[in-house]
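In: Quick one, fold the following:
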Amino acid sequence: MDVLIMKFRRFVLFFIALFFLVSPGSNVYLQTHQNKVKSFEAKVDEYIKAYLDGGNFSGSILIAREGKILICKGYGMANYELNVPNTPETRFHLASISKSFTATAIMILQERGLLNVNDKLIKFISDYDRDSKFPHSIEEIIDMYRESTLS
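Out: Residues are numbered from 1 along each chain as shown. Got it, this is the predicted structure:
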């Protein structure tokens, strides 16, 4: 008899747990999280609007946290003459700014101990100027790019 009572209790507990999982109240966390994301997005929109109104920004923004995208949207116009809005898929001509991104990435890697700006390029690119009497360091390459943008 005790075995039947135990099985009945498990059966009842299972259905009680199942009821709470599928009930509307189980979506409270999800709805709260979605509301927080929408609230955050509204704050970002408000912040960006000041720059859009002043003509100081036009582009796309992606904000992620712990690998999850919170906001990914375009603001302003990609082409004012043709009235084409920016979207997350809009492509931008970066020109020389990519040098700044590269230098920043190198400094981040150095801070993390993954490289040193005094390392020679041959350490990372095995085919790089193997016969040179003066092998170039990462710092020298960064300096060359910096000097080329200053002139």
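
In: Assess the claim that residue 138 and residue 125 are in contact.
Out: No. Under the criterion of C-beta atoms under 8 Å, residue 138 is not in contact with residue 125, lying 10.5 Å apart. To be clear about C-beta, it is placed using only N, CA and C from the backbone, and glycine gets the same treatment.

In: more neighbours, the two?
Out: residue 138 (20 against 10; other C-beta atoms under 10 Å).

In: pLDDT value on the more buried one, please?
Out: Turning to residue 138, the model gives it a pLDDT of 84.

In: Next one: it from residue 74, what distance?
Out: Counting by C-beta to C-beta, to the nearest Å, the gap between residue 138 and residue 74 amounts to 35 Å.

In: per-domain residue ranges of this structure.
Out: Segmentation of the chain into domains, based on automatic domain parsing, reads 2-85, 97-150.

In: tell me which element the residue lying closest to residue 40 once chain neighbours are set aside is part of?
Out: Setting aside the residues directly before and after it, residue 40 is nearest to residue 70 in space (C-beta to C-beta, 6 or more residues apart in numbering), at 6.3 Å. For residue 70, the host element (DSSP states H and E) is strand 68-75.

In: contact partners of that strand?
Out: Taking C-beta atoms under 8 Å, 6 or more residues apart in numbering as the criterion, the residues outside strand 68-75 that touch it are 37, 40-41, 44, 48, 52, 57-64, 85-88, 90.

In: Can you tell me which of the residues you listed are buried?
Out: The neighbour-count criterion (16 or more other C-beta atoms under 10 Å) marks 44, 48, 58, 60, 86, 90 among the contacts of strand 68-75 as buried.

In: Inside helices: which ones of those?
Out: The helices, defined by DSSP state H, take in 44, 48 from the buried ones among the contacts of strand 68-75.

In: Just give me the closest of the buried ones among the contacts of strand 68-75 to residue 113.
Out: Of all these, residue 113 sits closest to residue 60, with 32.3 Å by C-beta to C-beta.

In: Select, from the buried ones among the contacts of strand 68-75, the two members most distant in space.
Out: Looking at the buried ones among the contacts of strand 68-75 by C-beta to C-beta, the two members farthest from one another are 44 and 90, with 17.5 Å of separation.

In: Please consider this matter closed, and thank you.
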